[in-house]
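Undergrad: Output the structure for:
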Amino acid sequence: MPKVVFFHKVDNCVGNVLHGVIRREKRAKHFHKQRTMTVLAHELHQPRRGTRLAASLNNVAASCTNIAESGRSKIHFETRQLRTLASQLSTTTPPTPTALPSVSSRAQLSFIIIKNMLDFGQSYDELVLEHCGQERRQLLHIFLNQLQDAADDSGIISARQLCALTATELLSSFFGLEPENAPKALHTLSEMLIDVAHDAGNRLIAQGLHDLTEFVEQLVKAPDGQTTATRFVSQLAEHFPAFDDRRTWRDGMEVVYLEKAQRAAFELHQALSTVLPEYCSFPDVKTLFPCCGRELPLLFRNLDVLRMPEELSQRIEAGEILPPQREETELRAAAFAAFECIRMQRPDLSGPDILHGLRQLAQHSENLLHPHKTQYTCFY
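TA: Residues are numbered from 1 along each chain as shown. Below you'll find the model as predicted:
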């Protein structure tokens with residue numbers, strides 16, 4: 001009897017939650033055919049017990065640490081090795097981020113949020129490079145520049161532009177491929193990107209907003225409006241499911257990551273804090289740790305920090321797809337918890353500073369392991 005996986009399917013227009021089931025063995029075959037927010041179908045979990053965790057930075061650190069230190073997780077981190085790594089991290093400046101389009105600061109604000117919202121599909125990176133000759137993130141940046149050029153008089157990528165995108169257009173304009181020549185997996189990724197873009201556009205329109213810049217301006221004008229990274233991340237995740245990065249673990253326990261929302265907040269502060277301080281200057285920016293996805297678990301594995309069953313390690317090295325369930329949840333939670341430990345030991349470093357330092361240390365590691373793969377997620 002095949003396992004049945006319960007998920008929540010979200011209506012593309014208004015976000016009504018419907019319940020459905022899919023058989024695990026047929027997920028890959030049917031997933032790309034579901035046109036109603038398929039990418040968020042199993043991403044939006046309601047806890048089976050207790051109250052849904054708020055999308056807050058405090059819950060990110062607490063929930064990841066709770067799972068990593070629960071004694072029930074297959075994956076944990078070595079505290080002694082972690083202390084050694086923390087002492088070895090340098091304070092060199094991370095590389096300069098990708099240049100923004102030469103448009104108004106308000107247009108750049110929206111551009112950064114959309115870029116982070118659509119920055120997922122890391123497990124497709126090798127396939128994209130093989131068929132398109134460029135890295136996925138480079139292609140995303142080029143495509144968003146094209147949308148920016150086609151924007152209305154406001155010069156800002158609008159909600160209606162996001163709603164008007166089609167999978168065929170994405171294959172040709174984003175990936176530079178004719179639909180009939182594109183591999184099936186890139187059709188799937190295109191549909192996932194479209195679902196996220198349409199959902200964000202519809203939610204903005206439902207709020208009477210033209211674009212994401214107006215959304216941010218509305219946050220600041222609210223009675224409780226505060227220009228802090230903590231509030232910005234929370235509001236972004238609460239209003240747009242594609243930023244509400246969380247999983248449900250054993251016994252209904254939730255773990256919250258909010259990686260893309262944290263990365264968007266950090267990039268806004270880095271790029272626009274001086275020109276749009278009322279919206280993008282976050283005094284608590286050091287509380288962010290906007291990095292995980294596949295890279296952080298890989299760095300900690302290469303640096304002999306993460307411990308897991310040999311059988312799981314072999315499956316990852318063989319390129320097996322890990323569904324976004326228990327093992328993938330524990331892998332990311334352990335990496336986030338380890339990262340939080342380093343952050344507590346090195347308060348002088350920001351999240352991106354720590355990530356940059358880990359990358360430098362990993363270059364000298366004898367381990368050359370592969371990142372884990374999880375294809376059906378809109379979070380990394």
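
Undergrad: Which strands and helices lie in contact with the longest helix along the chain?
TA: The longest helix of the chain (DSSP state H) is helix 184-206. Counting contacts by 3 or more CB pairs under 8 Å, 6 or more residues apart in numbering; DSSP states H and E, helix 184-206 packs against helix 105-117, helix 125-132, helix 159-164, helix 167-169, helix 212-221. Placement of C-beta: from N, CA and C, glycine included.

Undergrad: and the angle from that helix to helix 105-117?
TA: Interaxial angle of helix 184-206 relative to helix 105-117 (axes from the mean of the first three to the mean of the last three CA atoms, to 10 degrees): 140 degrees.

Undergrad: Helix 125-132 and helix 184-206, what's the angle between them?
TA: Using the same axes, to 10 degrees: helix 184-206 against helix 125-132 is 100 degrees.

Undergrad: and helix 184-206, which residues are buried?
TA: Neighbour-count burial for helix 184-206 flags 185-205 (criterion: 16 or more other CB atoms under 10 Å).

Undergrad: so how far does stretch 317-324 reach from one end to the other?
TA: For stretch 317-324, the first-to-last residue distance is 17 Å (CA to CA, to the nearest Å).

Undergrad: What residues of it count as buried?
TA: Quick answer for stretch 317-324 (16+ other CB under 10 Å): 322, 323, 324.

Undergrad: same question, stretch 367-379
TA: 369, 371, 372, 373, 374, 375, 376, 377, 378, 379.

Undergrad: now swap in stretch 172-187 and tell me
TA: By neighbour count on 16+ other CB under 10 Å, the buried set for stretch 172-187 is 173, 174, 175, 177, 182, 185, 186, 187.

Undergrad: what would the residues you listed look like in CSV with distance to residue 285?
TA: Formatted as CSV, the buried residues of stretch 172-187 follow (distance: CB to CB, whole Å):
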residue, distance to residue 285
173, 34
174, 31
175, 34
177, 39
182, 39
185, 36
186, 36
187, 38
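
Undergrad: nearest to residue 228, of the residues you listed?
TA: Checking the buried residues of stretch 172-187 against residue 228 by CB to CB gives residue 174 as the nearest, at 33.7 Å.

Undergrad: burial of the nearest residue to residue 89 once chain neighbours are set aside, as a residue count?
TA: The shortest distance from residue 89 to any non-neighbouring residue, by CB to CB, 6 or more residues apart in numbering, is to residue 357 (3.6 Å). A count of nearby residues for residue 357, using other CB atoms under 10 Å, gives 21.

Undergrad: Residue 357 is in what secondary structure piece?
TA: helix 351-362 (DSSP states H and E).

Undergrad: With adjacent residues omitted, what lies nearest to residue 170?
TA: residue 190 (4.4 Å).
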